[in-house]
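[1] Just need the structure, nothing else, for what follows:
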Amino acid sequence: MTQRPNQQNPLAPRPNHDVEHEEHWVSVSDLMGGLMMVFLLIAVVYMVQLEIESRKIRDVAVLYDRLKTQLYDDLQEEFGDDLPRWGAELNRDLSLRFYDTEVLFPQGEDTLRPAFEAILSDFFPRYLAIITSPKYRDDILEVRIEGHTSSDWGNLPEREAYIRNMALSQARTRTTLAYLLSLPEVEPERAWIKAHLTANGLSSSKVVTRNGQEDEIRSRRVEFRLRTDAESRIEGLLTEERS
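    Reported below is the predicted structural model:
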C-alpha cells in the first residue's frame, strides 16, 4: 500500500527535537513535583512548631491560673473574716479594695484616718507575709497601691476636677506607702518592699458603675493589686523545652 504524502508512519522514529522537547517537560514536571514536596514539608514543620508553641502557651495559662487561684485562696483564708469589718473586698483578679470612705481619709484630704491606720497595721504585715513566702515570693513582680476617686469635685469643670482628683489620689497613695514603710513589723522585708511596692494615683479614670451610673461612694477607694512575673515564667518554660 502506498502512503499518502502527509500521513506519518506511527512506527517511524521521531525526530530528535521532539524527543528533546518531551524530555524537557519531564524534567520541569519533576522539578515542580520536588518543589511541591519541599513546600509541603515546610508547611508540616511549621504546623508542628505552631502546635508546640500553642501547647506552651496553654501550659503557661494553666500555670498562672493555678498560681492566681492558690494565691486568692490563701488571701481569702487569711482575711475572709476581716474584710466585712474593714469595709473591704477581695476579687479574683487579686485586687483587694478598701472602699469605706468613712474610714479611709477625710474628704478632700490625704491624711490617713486613725481607723484606716489601725486597719493597715493589722492588714499589711499579714498580707506581706503571704506574698513574700517561698510559695509566691519569686512570682510577684509588683504590689500596686492604687488611689481612686469619684469624678466629682464640687462645681468645677470636668477637666479641672480630674486634675484635682489626680493630685489627691497620688497624695493619698504616697501617704499610705509612707505609713506602711513605718510599720516596725515589716522591717525585715523593707528592701523587698522598696523594690516591689509602688504608689499609683488614678484619679477618676476607673470609677465604679452600677446600672450604668457612677457609684461615687464605691469609686473613692484604695486598692492593693498584685502583678505576677509572667515573663520570667514563660522564659523558664521555653528553656525547659529546649533542654
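[2] can we go C-alpha only for contacts and neighbour counts from here?
    OK.
[3] any weak-confidence spans in this structure?
    1-30, 50-63, 230-243 (pLDDT under 70).
[4] all helices of this structure, in order?
    All helices of the chain, identified by DSSP state H, fall at 16-79, 83-86, 114-131, 158-182, 190-196, 216-219, 230-242.
[5] List the buried residues of the fifth one.
    Put plainly, it is helix 190-196. Residues of helix 190-196 classed as buried by neighbour count (16 or more other Cα atoms under 10 Å): 190, 193.
[6] what does it contact?
    Counting contacts by Cα atoms under 8 Å, 6 or more residues apart in numbering, the residues outside helix 190-196 that touch it are 140-143, 181.
[7] rerun that using 7 Å as the cut-off
    141-143 (Cα atoms under 7 Å, 6 or more residues apart in numbering).
[8] Over to the second one?
    Contact partners of helix 83-86, identified using Cα under 7 Å, 6+ apart, comprise 89, 119.
[9] One more pass at 8 Å, please.
    So helix 83-86 is contacted by 89-90, 98, 100, 119 (Cα under 8 Å, 6+ apart).
[10] For it, buried residues please.
    Quick answer for helix 83-86 (16+ other Cα under 10 Å): 83, 86.
[11] Pro72: neighbour count?
    Pro isn't right for residue 72; it's Tyr. Number of residues near Tyr72 (other Cα atoms under 10 Å) recorded here: 18.
[12] right, and it touches Leu94 too?
    Yes. Assessed by Cα atoms under 8 Å, Tyr72 is found in contact with Leu94 at 6.2 Å.
[13] shared neighbours, the two?
    By Cα under 8 Å, 6+ apart, no residue touches both Tyr72 and Leu94.
[14] Filter the contacts of helix 190-196 down to the buried ones, ChimeraX style.
    Restricted to buried positions by 16+ other Cα under 10 Å, the ChimeraX selection for these reads:
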select :141,142,143
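[15] In CSV: the contacts of helix 190-196, plus distance to Met32.
    Formatted as CSV, the contacts of helix 190-196 follow (distance: Cα to Cα, whole Å):
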residue, distance to Met32
Leu141, 54
Glu142, 57
Val143, 60
